[in-house]
Structure formats: structure tokens, C-alpha cells
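> Pasted the sequence and its predicted model underneath.
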Amino acid sequence: MIKFSPLEQQTLQVAKRLLGKREATGRNDGWIARLCQRFVDPGLSWLENAPWCVCFALYCCHTAARELGGASRLPKVASTSLLFRWFQERGLLLDRPKPGCIGMVRGGKTGHRHTFLVHDVHGDRVIGVDGNYRNAVAWSSRPASACDYGPIV
């Protein structure tokens with residue numbers, strides 16, 4: 001049986017409440033994209049219509065911490081590569097995925113191209129709850145070896 005910390009469990013609950021919510025036109029827009037983008041950039045001065053996967057994951061983590069009466073230490077960044085570096089600089093990268101952590105898909109020009117919340121691990125696959133996945137908040141499945149991982153703190 002999977003054992004989640006209260007913060008991990010609450011983060012996944014926040015994320016799952018948003019499953020199925022879609023962008024308005026498929027251009028990183030609509031209320032769900034703006035909710036997540038505004039979490040990082042309240043005035044949407046530079047993030048409007050930008051990819052919002054990492055904003056979604058961090059929104060869920062910070063919202064969950066607040067709902068539990070605390071605060072998350074995770075940075076408010078809009079780049080998967082910046083989030084990876086934050087974990088790396090603090091020695092927080094995990095050796096392997098675990099349910100209730102943050103996944104960062106390798107690739108792209110900056111080293112990482114997508115962020116998601118790990119819901120479960122099945123063999124060599126990770127099951128995630130992703131923002132900005134197929135223009136919505138949706139379930140995903142990908143090879144565990146294609147990603148790096150950090151804890152929800």
C-alpha cells in the first residue's frame with residue numbers, strides 16, 4: 001500500500017479536483033491556465049498564454065500546504081528546467097520516482113520540457129496528474145527513465 005505524507009496526499013487531492021478542466025482554445029488559455037499562470041505571475045505580465053505545466057504542479061503543492069495550515073518551500077517558477085535546478089542545487093533530487101513526488105520530463109532546449117505530479121509507479125511507468133497535458137489537466141503515463149524527480153516540500 002502506498003504511504004503518502006499529508007502534504008503529498010493533499011497535493012494530489014488538489015490536482016485530482018481539477019482533472020478534466022480544459023484550456024479554452026488549446027493555446028495555453030482559459031481559466032485553468034490563467035489560474036496556474038497567475039499563481040506564478042499575478043499580473044500575467046509575462047506568463048499569459050505560456051505553457052503552464054510547472055505552474056499547475058506548484059499551484060497544487062502550495063495550495064495543499066496552505067489548506068493544511070502550512071507553506072510549501074517550493075519556488076514559484078514557470079520553467080521545468082529551473083525547478084530541476086532548484087532541486088539539484090539543494091541535493092533534493094530523488095534516485096527513483098515515488099508516488100507523491102514531482103516528475104520532470106527530460107528533453108527540450110533547456111534540459112527539461114514538462115512537469116507533472118506522480119500519482120503512482122507501475123514497474124517502469126509513472127502515472128501522473130499533469131497540467132497542460134493535451135490542453136487540459138489529465139492523467140498521463142510515461143517511462144520512469146525519461147524523467148527526474150523531486151519531493152513535494
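Structure's in. What do you need? Numbers count the residues shown, from 1 in each chain.
> longest single helix anywhere in the chain?
Across the chain, the longest stretch assigned as helix under DSSP state H is helix 53-67.
> check contacts around the residue nearest the centre of the chain.
The residue lying closest to the centre of the chain (CA atoms, centre = their mean) is A57, at 2.5 Å. When contacts are counted by CB atoms under 8 Å, 6 or more residues apart in numbering, A57 touches 15, 102, 115-117, 131. Backbone N, C-alpha and C define where each C-beta goes, glycine included.
> could these be laid out in JSON lines, adding secondary structure?
As requested, those are arranged in JSON lines below (DSSP: H, G, I helix; E, B strand; the rest coil):
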{"residue": "A15", "secondary structure": "helix"}
{"residue": "I102", "secondary structure": "strand"}
{"residue": "T115", "secondary structure": "strand"}
{"residue": "F116", "secondary structure": "strand"}
{"residue": "L117", "secondary structure": "strand"}
{"residue": "G131", "secondary structure": "strand"}
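> ChimeraX command for the buried members of these?
Restricted to buried positions by 16 or more other CB atoms under 10 Å, the ChimeraX selection for those reads:
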select :15,102,115,116,117,131
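> any chance of the contacts of A57 in CSV, plus pLDDT and distance to A71?
Shown next, in CSV, are the contacts of A57 (pLDDT from 0 to 100; distance: CB to CB, whole Å):
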residue, pLDDT, distance to A71
A15, 98, 18
I102, 98, 17
T115, 98, 20
F116, 98, 22
L117, 98, 18
G131, 98, 21
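> Report the residue spans of this structure with pLDDT below the cut-off.
Applying pLDDT under 70 to the chain flags residues 1.
> where exactly do the strands run in it?
101-106, 112-122, 125-133, 136-143, 147-151 (DSSP state E).
> quick one: which of those strands is nearest R73?
Ranking the strands of the chain by their distance to R73 (criterion: CB to CB) puts strand 147-151 first, at 9.9 Å.
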